[in-house]
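Undergrad: Below are the sequence and a predicted model for it; my questions follow.
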Amino acid sequence: MREKSFVTLFYYLPNFVLKKDVGMIPYILQEQYEYRSVIVSNKSGMDTYSELDNEMSNLNITFLGNGEKYFFLRAIKYLLQNAKKIDVLNMYHLKISTGVLLALYRALNHRGITYLKLDIDFLFFEKKSSRIWWKKLIYTRILQKANICSAESSKICKKVEEYCGKKIELIPNGIYVFPDIDTDISLYEKERVEQIIKNCNSRRIIFTAGRIGTRQKNNEMLIEGFLKSGLYSRYCLLLAGTVENEFKEWYNDLSTIHSELSKCIFFIGNINNKEALNRLYEVADIFVLSSRWEGFPLVIPEAMLQECFLILTNVIYPAYDIIKNDNFGKIINTESVIDLANALKYYDDNRENIIQHKSEISEFCKENYMWENICKRLNDLINTQITLMEK
């Protein structure tokens, strides 16, 4: 079988997206499924793209310019020059500009395959703009014309299908285990993590990771739920990530009232080294996301791989695909401190039974949320479309 050309057109390429779906799909397809992958984008001026010198050195990127401006016009020019050489054109997000570029590609290459990865959460359907008749008409046309459309959870797939009347494929986000490269910074992070684990004095660990204190992450609910559970004498709460200043003020005010917090809540800061981050997942009994909204956060499969019990809010739609039973985790109402406290107590009351099923969580993750297996399904979908084109 000849090598297929897979091109991802992406408006703006910050370094961190290379290890998310935008970078990992073309990387895995090229490494394991006989594709010649290229990401075509605008460059983020401050990023060094160090991954391209290390783990992802085989990934090809074509930069059309710098910054977020003028990508659309540059992408049109790129397609005019290259469309006939592209077997599969991949784009992200349901936007009118995306639809124009996909339509231009199909006009220039009638045998080309278009793959639209939606990357949307429930907020899309709450926006007034998604219900304006002429926009809905355009969005529906874009979805129906794409050869393959995918979303990251079954609930979102169903919502989009009801919206546009087209089959939407479930292609979740996933993880891939790269070998770590030690630097002075990563060694410092590992030492810092070990010191914090030591500070927990053998207490069980509840863990969360992300941009701590943002409105999205709703970490106030997490801390209040932890306090309400009454488990702080036997558990520690660890929070990894940069901390918003306003949240620091809120927490400082709270800790003046509850002096015991200094012994059971620890802010770790940002952790870039995967080995150090995995160490936190490894020692944690419970991983919590108290978010007000999410798409498909990669911290969930990362926690699953290390057999953490999950507590996720009901606006995190992938939770309904992941939490198959009470041994895997609990789905709680967003904004409900009581629900969070009860979920923590549920784990504590049933811990002996839950840990007997821990390996099932990691096995489920390996089967469904590793990029190698996700891309196998995508490759099958592409090959099906190629077969249909050849008839």
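TA: Cool, got the structure.
Undergrad: buried ones in stretch 338-355?
TA: 339-344, 346-348, 354 (16 or more other C-beta atoms under 10 Å). The way it works is simple: take the backbone N, C-alpha and C, and place the C-beta from them, glycine included.
Undergrad: Going by distance to V40, which of those residues wins?
TA: Closest approach to V40 among the buried residues of stretch 338-355 (C-beta to C-beta): L340, at 43.0 Å.
Undergrad: got the contact list for the helix or strand hosting that closest one?
TA: Here L340 sits within helix 337-349, counting by DSSP states H and E. By C-beta atoms under 8 Å, 6 or more residues apart in numbering, the residues outside helix 337-349 that reach it are 206, 221-222, 224-226, 228-231, 234-235, 285-286, 288, 290, 309, 311, 326, 330, 332-333, 354.
Undergrad: Contacts only, for the closest residue in space to S359 that isn't next to it in sequence.
TA: Using C-beta to C-beta, 6 or more residues apart in numbering and skipping residues adjacent in sequence, the residue nearest S359 is E307, 6.7 Å away. For E307, the contacting residues are 358-359, 361-362, by C-beta under 8 Å, 6+ apart.
Undergrad: Can you mark which positions in the helix or strand bottoming out on mean pLDDT in the chain are buried?
TA: Lowest by mean pLDDT, DSSP states H and E among the helices and strands of the chain is helix 123-126, with a mean of 79. Within helix 123-126, the residues that count as buried by 16+ other C-beta under 10 Å are F124.
Undergrad: Please compute how far the next helix or strand after it lies from its chain's middle.
TA: Downstream of helix 123-126, the first helix or strand assigned by DSSP H and E is helix 133-145. With C-alpha atoms, centre = their mean, to the nearest Å as the basis, helix 133-145 stands 26 Å off its chain's centre.
Undergrad: For the next helix-or-strand element following helix 133-145, give me every contacting residue.
TA: For helix 133-145, the following helix or strand on the C-terminal side (DSSP H and E) is strand 148-151. Here strand 148-151 makes contact (C-beta under 8 Å, 6+ apart) with 113-120, 143, 157, 160, 166-171, 378, 381-382, 385.
Undergrad: and these, which are buried?
TA: Listed as buried from the contacts of strand 148-151 are 113-120, 143, 157, 160, 168, 170-171, 378, 381-382, 385; burial here means 16+ other C-beta under 10 Å.
Undergrad: Next step: the residues you listed restricted to strands.
TA: 113-117, 170 (DSSP state E).
Undergrad: any idea which of those is closest to D321?
TA: Checking these one by one against D321 (C-beta to C-beta), the nearest turns out to be L170, at 7.7 Å.
Undergrad: Could you pull up the residues touching that closest one?
TA: Contacts of L170 by C-beta under 8 Å, 6+ apart are 150-154, 157, 321.
Undergrad: can you rerun that using 6 Å?
TA: Residues counted as contacts of L170 (C-beta atoms under 6 Å, 6 or more residues apart in numbering) are 154, 157.
Undergrad: Nearest residue to D21 in space, ignoring adjacent ones along the chain?
TA: N173 (5.3 Å).
Undergrad: number of nearby residues for that neighbour?
TA: Neighbourhood size, N173 [other C-beta atoms under 10 Å]: 22.
Undergrad: Do I have it right that it meets P297?
TA: No: under the criterion of C-beta atoms under 6 Å, N173 makes no contact with P297, lying 8.2 Å away.
Undergrad: How about residues contacting the next helix or strand after the helix holding L340?
TA: Later in the chain than helix 337-349, the nearest helix or strand by DSSP H and E is helix 351-355. For helix 351-355, the external contacting residues (C-beta under 6 Å, 6+ apart) are 309, 327.
Undergrad: Quick one: the strands in the stretch 151-300 of the chain, in order.
TA: 169-170, 204-209, 235-240, 265-269, 286-289 (DSSP state E, counting those that start in this stretch).
Undergrad: and these as TSV, adding distance to I257?
TA: Formatted as TSV, these follow (distance: least, C-beta to C-beta, whole Å):
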stretch	distance to I257
strand 169-170	45
strand 204-209	20
strand 235-240	16
strand 265-269	13
strand 286-289	22
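Undergrad: export the longest helix seen in the chain as PDB, just CAs?
TA: Ordering each helix of the chain by length in residues (DSSP state H) puts helix 371-390 first. The C-alpha coordinates for helix 371-390 follow below in PDB (Å, rounded to 0.1, in the frame of the first residue of the first chain):
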ATOM      1  CA  TRP A 371      -3.100   7.200  20.900                       C
ATOM      2  CA  GLU A 372      -1.900   4.000  19.200                       C
ATOM      3  CA  ASN A 373      -5.400   2.500  19.500                       C
ATOM      4  CA  ILE A 374      -7.300   5.700  18.800                       C
ATOM      5  CA  CYS A 375      -5.300   6.200  15.600                       C
ATOM      6  CA  LYS A 376      -6.000   2.600  14.500                       C
ATOM      7  CA  ARG A 377      -9.700   3.400  14.500                       C
ATOM      8  CA  LEU A 378      -9.100   6.600  12.600                       C
ATOM      9  CA  ASN A 379      -7.000   4.800  10.100                       C
ATOM     10  CA  ASP A 380      -9.800   2.300   9.600                       C
ATOM     11  CA  LEU A 381     -12.300   5.100   9.000                       C
ATOM     12  CA  ILE A 382      -9.900   6.700   6.400                       C
ATOM     13  CA  ASN A 383      -9.400   3.500   4.600                       C
ATOM     14  CA  THR A 384     -13.200   2.900   4.500                       C
ATOM     15  CA  GLN A 385     -13.600   6.400   2.900                       C
ATOM     16  CA  ILE A 386     -10.800   5.600   0.300                       C
ATOM     17  CA  THR A 387     -12.600   2.400  -0.600                       C
ATOM     18  CA  LEU A 388     -15.900   4.300  -1.100                       C
ATOM     19  CA  MET A 389     -14.100   6.800  -3.300                       C
ATOM     20  CA  GLU A 390     -12.600   4.100  -5.500                       C
END
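Undergrad: That's all I had, so thanks and see you.
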